[in-house]
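below: sequence and its predicted model.
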Amino acid sequence: MRVILLGPPGAGKGTQAAWIRDRFSIPQLSTGDMLRAAVANGTEVGRQAKAIMEAGKLVSDDVINAIVAERIDQPDCAGGFILDGFPRTTDQAEALDRMLAERDLRIDAVIEFQVDQAALVERISGRYACANCGAGYHDTFKKPKVPGVCDVCGSTEFVRRKDDNAETVAARLEAYDAQTAPLLPYYRQRGNLHTVDGMAPIGEVTAAIAAVLEPLATETASGPAGGSAEKAGSSGAGNA
Ligand code: AP5
């Protein structure tokens, strides 16, 4: 199963990617997480990306495309993957099509998170994550079961992202509208775009995504090609 999650910052892509990862045992490939790791490790990519990310702009297509091409060749991606935050420009979408075609793979579903952008600042400014395992939380919408203790690993250390402030969020939303939203017609035209209401409570969004992916997983498991032999974007039961 190969899935793209498409939506503005704070739409819930990372939250739902964690559920998809656990349910279908496929890795979550978050280009944002990869870039933050590169920044933390002080690599050349990290040095290039740091200021761009802090300004809420997009890192160059060439850098991102190379990172993703290398990542999807790792053994843990053999059974599929979730693209969380990629592609984000038309150039990236076209590069992804080429990467998939070269590997004789296809995307099974593109999930669009439809959201009210006015609500996203509250979502993003209340977000934090476990410093140890990365599990995501929110001051209001997703608190740990025991206050101050991570549900997953028990750590008591939490972190907030540097780009999660009102000014940078505004720039990130602008970048989404200008550079990423044009991908919606790109995938709609291919018939594999599915839209979910990203303003619903987290569990309801998960249920809507499950309703899209569960039947596809069955098809993938029982299909003649095992879900890997069609060209990129050539199929899918779109609902949008
Ligand atoms: P990235 O890390 O990808 O950030 P983003 O797209 O801005 O997305 P977010 O992680 O902010 O939001 P999300 O949709 O995952 O929301 P979440 O589930 O956490 O990118 C960061 C930067 O890296 C970019 O600005 C750019 O510079 C660079 N970059 C990355 N990829 C790139 C690319 N391909 N090309 C170029 N540059 C790239 O949810 C947010 C909060 O809301 C959480 O606290 C959660 O608990 C809560 N929440 C989630 N769902 C709900 C709900 N349904 N109801 C209530 N609360 C909810």
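Received the coordinates, thanks.

show me where pLDDT drops low in the chain?
The model of the chain has pLDDT under 70 over residues 220-240.

could you count how many residues lie near residue 40?
By other C-beta atoms under 10 Å, the residues close to residue 40 number 10. Where you see a C-beta, it was placed from the backbone N, CA and C, and this is true even at glycine.

with the one 4 residues further on instead?
For residue 44, the number of neighbouring residues by other C-beta under 10 Å comes to 9.

ok, residue 91 - how many residues close by?
Here the number of neighbours of residue 91 (other C-beta under 10 Å) works out to 15.

tell me which element it is part of?
Here residue 91 sits within helix 90-103, counting by DSSP states H and E.

what lies in contact with that helix?
2, 61, 64-65, 68-69, 72, 83, 86-87, 106-107, 182-183, 186-187, 231-233 (C-beta atoms under 8 Å, 6 or more residues apart in numbering).

same check on stretch 197-213?
1, 3, 7, 11-12, 15-16, 19-20, 23-24, 108-109, 111, 113-116, 119, 141-142, 194, 196, 239.

can you turn the buried part of the residues you listed into a PyMOL selection?
In PyMOL syntax, the buried subset of those is picked out as below (16 or more other C-beta atoms under 10 Å):
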select buried, resi 1+3+7+11+12+15+16+19+20+24+108+109+111+113+115+142+194+196
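
and the contacts of stretch 197-213 near the ligand, which?
Near the ligand, judged by C-beta under 6 Å from any ligand atom, the entries from the contacts of stretch 197-213 are 7, 11-12, 15, 141-142.

adding secondary structure, write those out as JSON lines.
Shown next, in JSON lines, are these (DSSP: H, G, I helix; E, B strand; the rest coil):
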{"residue": "7", "secondary structure": "coil"}
{"residue": "11", "secondary structure": "coil"}
{"residue": "12", "secondary structure": "coil"}
{"residue": "15", "secondary structure": "helix"}
{"residue": "141", "secondary structure": "coil"}
{"residue": "142", "secondary structure": "strand"}
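
okay, buried residues for stretch 126-139 please.
In stretch 126-139, counting by 16+ other C-beta under 10 Å, buried: 126-130, 135, 137-138.
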